[in-house]
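Participant: Quick one: sequence and predicted model below, then my questions.
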Amino acid sequence: MREIVSAGVREQRGMLDRGEISAGELIEATLRGIDESDLNAFSTVLHERARAEAADRDRERAAGAAPGPLHGIPIAVKEELDLAGEVTTFGTRANHRPAPADSEVVRRLRAAGAVIVGKTAMPEFGQWPFTESTTYGLTRNPWDRTRSTGGSSGGSAAAVAAGLVPVAIGGDGGGSIRIPAACCGLFGLKTQRGRVPTAPHPHLWWALGVVGPLTRTVYDSALVYDVIRGSTPSDRFHAPDPIMSFVAAAERPSTGLRIGYSTHSPVPLTKPDPQHVQAVLDTAELLRGLGHTVFEIDPHYPDPTPAFLPQFFGGVRAEAELVDDPSRLERRTRETVALGTWARPRVIEWAIRRGETLARRVDQLFTDCDLLLTPTIAIRPPHVGVLDGAGSVRALLRSMPMAAYTGMWNVTGHPAASIPSGVGTDGLPLAVQLVGPTNGETAILPVAAQLEAARPQPRPF
């Protein structure tokens, strides 16, 4: 049963379709694995609701209903997504009112047949690239329990990397899908801004944030994105429909692309670990062997900080203003709120426009290459406890090496993915990042799938 639970969506769906296992049996085994885990990946486990949903899926199948693409598949969601009847904590103890309805992403997952088994841990309001909280404690990396999962979608990453669920939904406002994907050896794609709905909220940290899955394979990610993509009228940002489904893109042969690579950090004074530099160089050589033209470039990154910080501080302040009991916020969060008093609506709107200007500048890069290859994070996954005793300013400084290569693409809105690239000398995963042009997810996915096939990633289980 352990092999079934730790399989991917494609494999689990095949076993369900062939009648080798029922949704009830799969969900029961999934819940057992979650309960036995010592990673602190979940903040809430929905035992009875998940069992009831699985029973519904089995009845639907027995009645001859056409199964959806995720029929009976166990999926976890990050604490910032609404589940009807459950408290949306945002990783804080300051909320206590249950959400009245599912978020649009959760609604679409359920409509496709998924069974939601729980909510995953995150730092308060997703502020940090480390999943650490005075409320929920430390989330641990299944590759090495003394190491961080990254964040802020670290609970989702730990759950998938440990084989507890095949898919967990995260959010990315500065690297929060890609950073934990890199730390835990997963595939994590941040889509183009406006690709996935943020409803019932009009935005997630204004122009910075997007919602999406963490998975062990490119195919599984593409399948989930095909279920959840497509903005709603209430979303502030909208991306045009792609030219093909994401699954079709992931399965499409790709060759002859121009791929530029750079290990230069967009953040001054931040240098990448030598193993991350080597991972980029090794991936560049592998891509050449796969038929692509690969060459080193200097991206001449513009400074994203003036556009990023107002949206970061403004996003935290906006979420903090919605909680039921602000006195129960963590001390570090209260510092962030106080530090961000200057991030008023006019400043935030200026920052959004500034990010759009940077996006047009960065788009010029893609006249010379089709994709950009970089490290995902600058440092190796650190030991847990990074935030112990740290106030807001110190936490921001400690976060910079983790988000140095990712935050730029939240500011500009470009799609970017973290792709596993083996294991380092410390026994922890290595990763590289592929960045695409505006609306370029369907260019990233086939190359990511090629790399996955040519260089399968080991697993910690």
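Facilitator: Thanks, I have it. Numbering: from 1, shown residues only.
Participant: so what pLDDT did the nearest residue to Asp426 once chain neighbours are set aside get?
Facilitator: With CB to CB, 6 or more residues apart in numbering as the measure, Arg380 is the residue that lies nearest to Asp426, at 6.1 Å, once sequence neighbours are left out. C-beta coordinates here come from the backbone N, C-alpha and C atoms, glycine included. On the pLDDT scale, Arg380 is placed at 98.
Participant: Arg380: helix or strand, and which one exactly?
Facilitator: Under the criterion DSSP states H and E, no helix or strand holds Arg380.
Participant: these two touch, right, it and Pro272?
Facilitator: No - Arg380 lies out of contact with Pro272 (CB atoms under 8 Å); the separation is 10.3 Å.
Participant: can you pull out the strands in the stretch 51-200 of the chain?
Facilitator: According to DSSP state E, counting those that start in this stretch, the stretch 51-200 of the chain carries its strands in the segments 74-78, 115-120, 132-133, 137-138, 140-141, 144-148, 167-172, 187-190.
Participant: I'd like the next helix or strand past the least confident helix or strand in the chain by mean pLDDT.
Facilitator: In the chain, no helix or strand scores lower on mean pLDDT, DSSP states H and E than helix 2-5, which sits at a mean of 82. On the C-terminal side of helix 2-5, the closest following helix or strand by DSSP H and E is helix 9-17.
Participant: I'd like the next helix or strand past that next one.
Facilitator: Sequence-wise, the next helix or strand beyond helix 9-17 is helix 23-36, with elements assigned using DSSP H and E.
Participant: Please identify the buried residues of that following helix?
Facilitator: In terms of neighbour count (16 or more other CB atoms under 10 Å), helix 23-36 has its buried residues at Ala23, Gly24, Glu25, Leu26, Ile27, Glu28, Ala29, Thr30, Leu31, Gly33, Ile34.
Participant: Would you list the phi and psi of the residue lying farthest from the centre of the chain?
Facilitator: For the chain, the C-alpha farthest from the mean C-alpha position belongs to Ala63; by CA atoms, centre = their mean, that distance is 35.8 Å. Here is the backbone geometry of Ala63 (degrees, to the nearest 10): phi -80, psi 0.
Participant: how much space between it and Val247?
Facilitator: With distances defined as CB to CB, to the nearest Å, the gap from Ala63 to Val247 amounts to 27 Å.
Participant: Taking strand 74-78 as reference, get the angle to the helix or strand Gly212 falls within.
Facilitator: Remark: Gly212 resides in strand 210-215, with elements defined by DSSP H and E. With axes from the mean of the first three to the mean of the last three CA atoms, to 10 degrees as the criterion, the two stretches strand 210-215 and strand 74-78 enclose an angle of 140 degrees.
Participant: For the least confident helix or strand of the chain, name the packing helices and strands.
Facilitator: Contacts of helix 2-5 with other secondary structure elements, assessed using 3 or more CB pairs under 8 Å, 6 or more residues apart in numbering; DSSP states H and E, are made with helix 9-17, helix 23-36.
Participant: Recalculate using a threshold of 6 Å.
Facilitator: helix 23-36 (3 or more CB pairs under 6 Å, 6 or more residues apart in numbering; DSSP states H and E).
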